[in-house]
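Take this sequence and fold it.
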Amino acid sequence: MLKSNFPSMSLKLGDYFPLINKRLKELQEINFVSRLWSKDPTLWKKDDPQAQKNIARSLGWLEVVSKMRDKVEEINQFAQEILRSGFKNVVHMGMGGSSLAPLTFEKVFSPRVSGLPLVVLDTTDPNTIRKIEKTHPLEETLFINASKSGTTVEPLAFGEYFYFKLIEIKGERAGENFVVITDPGSYLEKVAKERKFRKIFAGFPDIGGRYSALSPFGLVPAALLGLALEKILERATKMVEACSPAKDIYQNEGIILGTVLGEMALQGRDKLTIFLPQSLSSFGLWVEQLLAESTGKEGKGILPIDNEPKGKVESYKDDRLFVFYHLAGEANSPLEKLFTALEDAGQPVLIIQMKDYFDLFGEMWRWELATATAGAILQINPFDQPNVQESKENTNSLLKELPKEGKLPIAAPTLKDDSLEFYGMWPGESMQELLQNFLGARQPGDYFALLAFLPEEAQIKEAMQMMRRLVRDHLGLATTLGFGPRYLHSTGQFHKGGPNKGLFMLLTAEDKEDVPIPYQAYTFSTLKMAQALGDMEALRRHGQRVLRVHLGTQIESGLETLVEIIKKVLSSSPGI
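As a prediction, this is how the structure comes out:
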């Protein structure tokens, strides 16, 4: 029988508790845990032989912790070599599954005495790329180019840009500043050999990108940051053992978490709202990608709501499931008061305890297992991403037209007023009327998604967080914020493959400066805009409600105007 409290997790599920207990009983009757560990693909797809083959080739993450023990010495020796060689910084270049674990480590862990400062580059925003170039002496910087497939457009473009910058400084020795993490036999591996890169780390072909946090994609940058790999694997091992087939299913915290996620989604609570201590806030981005890209398909899915401004209890509707993280020794009274109030209001709440930051590595493995379990309950394949390719193809199609036209084909705006331009199907004689029509299209159970192809800067984030707060509090919608192109490899799958519940506002702007991409007919700024337009087209083809707002050259003032108009719309038309 299911309990409410476990060593690292508490369940406050109210009336839903019997449903979870029933689902666990059903999983026990089909020997779910032992079949999962034996890599039985029929747990996810019973009548699709091709899907079963693909799933069977995607379950290597189950044993990754033990596999990585054999690679600890090699990675540690490499990290020591980099320190002895005089490098002062590390730039990790990747996208999606190859970059979000290192991004989490960058934000959570300060460099150890034996480590180097790490920065993750996962945006095509030229201002960000130029800033990294200006603040990191290139000759003293180690660049990690990470791509499982070896053909992902963004890390390839980052690598080309900085490689040719190093050619100008070091000539034929430029490869000394580069490391590659990729699957064996990939295009990126070939490039690394031709250019005599310092090191090639091979990924595991049977581990998908978003399940790769505890593989070389995560542990190589962790070692360079100065983290003890032995301690990382020790914490991860504890979680693996706690979730093994030898563990009773009613005490298996990874399976229980996944069962709650999947069953609650079936009950209409498909907005997983995550509250984290400030020092762990970047972990939400990693969970967001893992869960959204894994489950958002076949019109189903679980949408993680990450970093949403904290609201009053009445701001949250009955489509939510809440997860609160508590870090030992870190007081967070406002969050504690909120989860108590939510529980009192009958909202389902999970509380997960961490004793220190190194528990993060066990949590990553727990969420991978939970995501796989939720996928089985939803009867989808949590190891593919069939809709991610659509936006990529649209982007490539737009870029191929450049040599002929010289510029991207952009239709005339629906409305232009002051510095703002509006694109999409929404009519209106004024900005207020247009936004009223757009927001008025919302339905109960929908979510509001800001898709920002903008610099990830504090003032810009603050304005968009204000928009999220306004929409949630006035319209009762769960809200998300994704920066492009990062979200394309994360929630982008959910947007197009998940339930048609999204209200999308896509934000673009003119870049203050641009950066060329070697041997390409387009720049980073053009690539970024093509990615935005490509995703908008993909969303429209799926019948999604999407509005693009172009902010011009003055992003901050454009966002201020947009926030004020949204305030007017919501205050003058509270019933939309």
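
For the rest of this, base every contact and every neighbour count on C-alpha atoms.
Will do.

nearest residue to residue 446 other than its sequence neighbours?
residue 501 (4.4 Å; CA to CA, 6 or more residues apart in numbering).

same deal with residue 12?
Spatially, and ignoring its direct neighbours in sequence, residue 12 is nearest to residue 349 (5.0 Å; CA to CA, 6+ apart).

If that neighbour is in a bridge, with which residues?
Residues in a beta bridge with residue 349, per DSSP bridges, are residue 12, residue 322.

Tell me how many other residues surround residue 60.
If you count neighbours by other CA atoms under 10 Å, residue 60 ends up with 18.

and residue 201, what are its bridge partners?
Applying DSSP bridges to residue 201 yields these beta-bridge partners: residue 181.

Which SSE is immediately downstream of the one helix or strand in the chain whose mean pLDDT sits lowest?
For the chain, counting by mean pLDDT, DSSP states H and E, helix 402-405 ranks last in confidence among helices and strands (a mean of 74). Next helix or strand after helix 402-405 toward the C-terminus (DSSP states H and E): strand 415-417.

Identify the neighbouring strands of the following helix or strand past that following strand in the sheet and state each direction.
Downstream of strand 415-417, the next assigned helix or strand under DSSP H and E is strand 420-424. Its sheet considered, strand 420-424 pairs with strand 415-417 (antiparallel), strand 545-550 (antiparallel) by DSSP bridges.

Any chance of TSV for those, columns mean pLDDT, mean neighbour count and distance to residue 423?
Output for those, formatted as TSV (pLDDT from 0 to 100; neighbours: other CA atoms under 10 Å; distance: least, CA to CA, whole Å):
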stretch	mean pLDDT	mean neighbour count	distance to residue 423
strand 415-417	93	15	7
strand 545-550	98	22	5
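
where are the low-confidence patches of the stretch 1-150 of the chain?
Applying pLDDT under 70 to the stretch 1-150 of the chain flags the ranges 111-113.

can you give me phi and psi for residue 378?
Here is the backbone geometry of residue 378 (degrees, to the nearest 10): phi -80, psi -10.

Quick check, the residue nearest to residue 12 in contact with residue 17.
No: taking CA atoms under 8 Å as the definition, residue 349 is not a contact partner of residue 17, at 11.0 Å.

and the two? which has more neighbours close in?
Shown here are residue 349 and residue 17; by other CA under 10 Å, residue 349 has more neighbours (20 against 16).

tell me the contacts of the more buried one?
Residue 349 sits next to 11-13, 321-324, 339, 342-343 when contact means CA atoms under 8 Å, 6 or more residues apart in numbering.

for residue 517, same thing?
By CA under 8 Å, 6+ apart, the residues touching residue 517 are 157, 160-161, 523-524.

got a list of what the residue lying farthest from the centre of the chain touches?
In the chain, counting by CA atoms, centre = their mean, residue 429 sits farthest out from the average C-alpha position, at 37.0 Å. Going by CA under 8 Å, 6+ apart, residue 429 touches residue 415.

and what of residue 39?
Going by CA under 8 Å, 6+ apart, residue 39 touches 56, 59.

In three-state terms, label it for me.
What DSSP: H, G, I helix; E, B strand; the rest coil gives for residue 39 is coil.

about what we covered before: tell me how far the residue nearest to residue 446 lies from residue 535.
For residue 501, the distance to residue 535 equals 17 Å [CA to CA, to the nearest Å].

repeat for residue 193
For residue 193, the distance to residue 535 equals 34 Å [CA to CA].

between those two, which one's more packed in?
Higher neighbour count among residue 193 and residue 535: residue 535, with 27 against 14, using other CA under 10 Å.

The more buried one sits in which helix or strand?
Assigned by DSSP H and E, residue 535 belongs to helix 524-541.

neighbouring contacts of that helix?
Helix 524-541 has contacts (CA under 8 Å, 6+ apart) with 124-126, 390-395, 398-399, 408, 453, 484-485, 488, 495-496, 506, 508, 511, 514-517, 545-546, 548.

What about the contacts of residue 349, which one has the most neighbours?
Result: residue 321 is most packed of the contacts of residue 349 (other CA under 10 Å), 26 neighbours.

Surely it is in contact with residue 347?
Yes: with contact defined as CA under 8 Å, residue 321 and residue 347 form a contacting pair (7.2 Å).

Quick check: buried residues in stretch 422-438?
Within stretch 422-438, the residues that count as buried by 16 or more other CA atoms under 10 Å are 422-424, 426-428, 431-432, 434-438.
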